[in-house]
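> need coordinates for the following:
(2 chains)
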Amino acid sequence: MDDTAIGLWGVPLAILAGAIRVSTPFIFVSLGETITERSGRINLGLEGTLVFGAMTAYAIAVVTGSPWLGVAGAMVVGAAFGLVHGFICRLPKVNDIAIGIAMMQFGLGLAFFLGKSYIQPAAPHLPSIPFGFWSGLPQVRAALDINVLFLAGAALAFALRWALANTRLGLTLRVVGDSTDAARAMGINPDRVRLVATAIGGAFAAVGGAYLSLYYPGAWNEGISSGQGLMAVALVIFARWNPVGCFLAALLFGGAGALGPALQSVGVTSGYYLFYAAPYALTLVIMIATSSPNRPVPGMPGALSLTK
Amino acid sequence: MTIGMDEVSEAAIPAAGSWAGRLAEWTARRLEPVAIGLGAILIGLMLFSLFILALGKSPLMLFQLMYTGGFGSWFSIQNSLSRAAPLLLTALCVALPARLGLIVIGGEGALALGGVAAAAAALPLTHLLSPFPALIGMALAAMLAGGVWIGCVGALRHYRGVNETISSLLMSYIAIAVMNQLVEGVLRDPASLNKPSTPPLPADYMIGALPGMDVHWGFAIGIAACVVSYLLIETTTWGFAARIAGGNTRAAEVQGLPVGRLIVGFTALAGACAGLAGMIEVAAVQGSANGAIIAGYGYTGILVAFLARHNPLAIIPIAILIGGIDASGGLIQRRMGLPDATVLVLQGTLFIVILACETLYGRFKLFNPELWRRNL
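Residues are numbered from 1 along each chain as shown, chains lettered A, B, ... in the order given. Just a heads-up that it's a prediction; the model follows:
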């Protein structure tokens, strides 16, 4: 067996491979949520958007034969979900967290409903680039077979960080997120900015879903997401609303998610389900470590209410 | 809270209105949530009908099947009531913390832990005790497990400032993993081959049916829990303190209310309800703890609690209604060829519309108590 050829080195390698392979949905959802939360609104419904995006991308890829059209379609429906969330949250007295939960249930239900007939057929996958061509070891080659969307997500994280700091749009977003009143005083319509920010957040989350159904694990079924959309929201807090931080945190989460299967491959089979819970436990520990009852989390947009 | 303030202003103003005026005022205040709630459900049903029409199916036929499947016969009514039983308890898991302004959505995990705790407690208890005390012991174990789990969510929120919505859902995933680990590991009955389960409860240790019905006692327990929760919130000092703390935490702290203990107490109580739902699923339906108790009752309970606006008494009819809609899913699938997720789409639509309609409160002059006070 090849695994025994590199022995226990297989574990860190599998974690690295997992970090790259599993992190992509986290990257896109958390970048999307960063944009939304930077505008002062929280969208907890991205889990539903992610799953609906996964279904849409898969269905379009099956019908048209093009995975990239699938990704584009997912972005459109993701933006539509974001617009619904943003539009309803504009109404006075409406709680954005509660609407997020409702959108999550609605998105999941609608995805299962419309996706029923796409569970069987196979869709073309998104391409990946073999960066491991130099190695003779198949494990290394598999680990460095990197999907285009991962690279796009990494580039997006750095681009977003630059744009938030240096562009007019980035500044507008930050002003709206830090103070609704200040934004109004500057002649900016905060509701419109938040609507657009939520729509963009939804579009990004749906790309994360498209990666799930079109690359890894690479098929559409009702259990495709194991809460990535929700963990990504927690990850944004950990990353302190910094896009590059989101990228690094997503890698960490991907590695944690790969821990269970990696240990299983070298013969550690007891406690499999507990290793499966590792990403959730890690998220929770990080949230506990980064929160404080007395002061807001550093870097938190002023208009955002995580704990009202 | 608004209720408290209204009471104060009423006391401050000498009884100016007539008897009829005060009756109208009271009715106006009570009718507002009923009217807006029914209106929202109507809008939700219309949107859902448009969706079904767009698919080329008849919404009328669907609603008729929903009625037949949920409430059309004595058999289907009993089925709906059995499905409502866990919803009553998981809805309380959302509604009780909501009184403190917390949105806790981790009922599914507390239910899973409660189920597995009950099954674990049953291993010694069924050998040591007769059925009734053994069931009490199982229920206590389940409530303890669920209570500690969701109580932790409350404690994290108050003492560490961790967002309770996210932490409760993360802990729900962890709880389900713990349950799977136990059911497939140390607690597994070696005889359960294809479907890992804990050892089955002996038949005489199962929760029986209510007299004259095919509905298990879990339904009565759920109703009792709702009534007790209502009395706790509306008539006791703790409930009053919780409502104040939910309205304005800082004001409550300044007044010297033990906000931390209230939060931990209410979340623990909420978790105990969801844990009890897990025990009932194990001891009245499944006969052992296994993957089948993770049936989404925790998530549907969120919808029930929000539809009921976190009023424990309103949870009772709404849990029965949603239980009936759930029960009709199979019939809709068979007769109309629609996926079983149809029910989920309807529930999601209703959920969004109901929340969006929160914006209508205070918009209608008809429901303004002041108007009636002045004019009658």
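
> ok but B:Met171 is inside a strand, no?
No - with DSSP: H, G, I helix; E, B strand; the rest coil as the criterion, B:Met171 is located in helix rather than a strand.

> that one against B:Trp149, yeah?
Yes - proximity of B:Met171 to B:Trp149 meets the contact threshold set by CB atoms under 8 Å, at 6.4 Å. Using the backbone N, CA and C atoms, a C-beta is placed for each residue, glycine as well.

> any residues in contact with both of the two?
Contact with both B:Met171 and B:Trp149 is made by residues B:Gly106, B:Gly109, according to CB atoms under 8 Å, 6 or more residues apart in numbering or on different chains.

> so what's A:Ala57 up against?
A:Pro67, A:Gly70, A:Val71, A:Gly73, A:Ala74, A:Ala206, A:Gly209, A:Ala210, A:Ser213, A:Leu214.

> show me what contacts the second one?
The one in question is A:Gly70. Taking CB under 8 Å, 6+ apart, we find A:Gly70 in contact with A:Thr56, A:Ala57, A:Tyr58, A:Ala59, A:Ile60, A:Ala61, A:Thr64, A:Ala123, A:Ala210, A:Leu214.

> next: the fifth one.
Going by CB under 8 Å, 6+ apart, A:Ala74 touches A:Gly53, A:Ala54, A:Thr56, A:Ala57, A:Ile60, A:Ala206, A:Val207, A:Gly209, A:Ala210.

> pLDDT (mean, whole number) over stretch A:179-196?
Per-residue pLDDT values over stretch A:179-196 give a mean of 93.

> same question, stretch B:356-376
81.

> now do that stretch: everything it contacts.
Outside of stretch B:356-376, the residues within contact range by CB under 8 Å, 6+ apart are A:88, A:91-95, A:99, B:6, B:16-18, B:20-22, B:24-26, B:28-29, B:31-33, B:35-37, B:39-40, B:43.

> and what of stretch B:61-81?
Looking at what lies outside stretch B:61-81 - CB under 8 Å, 6+ apart - the contacts are B:45, B:52, B:213-215, B:219, B:320-321, B:323-332, B:335-336, B:338, B:342.

> mind checking which of the residues you listed are in helices?
Among the contacts of stretch B:61-81, DSSP state H puts B:45, B:52, B:219, B:320-321, B:323-327, B:329-332, B:335-336, B:342 in helices.

> just the buried ones among those residues, please.
Among the ones in helices among the contacts of stretch B:61-81, those scoring as buried are B:45, B:52, B:219, B:320-321, B:323-327, B:329, B:331-332, B:336, B:342 (criterion: 16 or more other CB atoms under 10 Å in any protein chain shown).

> which element is residue 23 on?
In the absence of a named chain, this looks at chain A. Using DSSP states H and E, the element containing A:Ser23 is helix A:10-38.

> could you do chain B instead?
B:Leu23 is part of helix B:19-54 when elements are defined by DSSP H and E.

> before we move on, what about A:Ala54?
Since the elements are taken from DSSP H and E, A:Ala54 ends up inside helix A:46-64.

> state the distance from B:Leu89 to B:Gly222.
5 Å (CB to CB, to the nearest Å).

> and the two? Which one has more around it.
More neighbours sit around B:Leu89 than around the other of B:Leu89 and B:Gly222, counting by other CB atoms under 10 Å in any protein chain shown; the figures are 35 against 27.

> shaky segments in the chain?
With no chain named, the answer covers chain A. Per-residue confidence of chain A (counting by pLDDT under 70) places the weak regions at A:1-7, A:307-308.

> oops, wrong one, chain B.
Applying pLDDT under 70 to chain B flags residues B:1-17, B:374-376.

> in it, which residue is most central in space?
Centrality entry for chain B: nearest residue to the mean C-alpha point is B:Ala91, 0.8 Å, by CA atoms, centre = their mean.

> list the contacts of that residue.
Contacts for B:Ala91 were tallied using CB under 8 Å, 6+ apart; they are B:Gly301, B:Ile302, B:Val304, B:Ala305, B:Ala308, B:Ile315, B:Ile318, B:Ala319.

> and it, what element?
With elements delineated by DSSP H and E, B:Ala91 resides in helix B:74-98, which encompasses its position.
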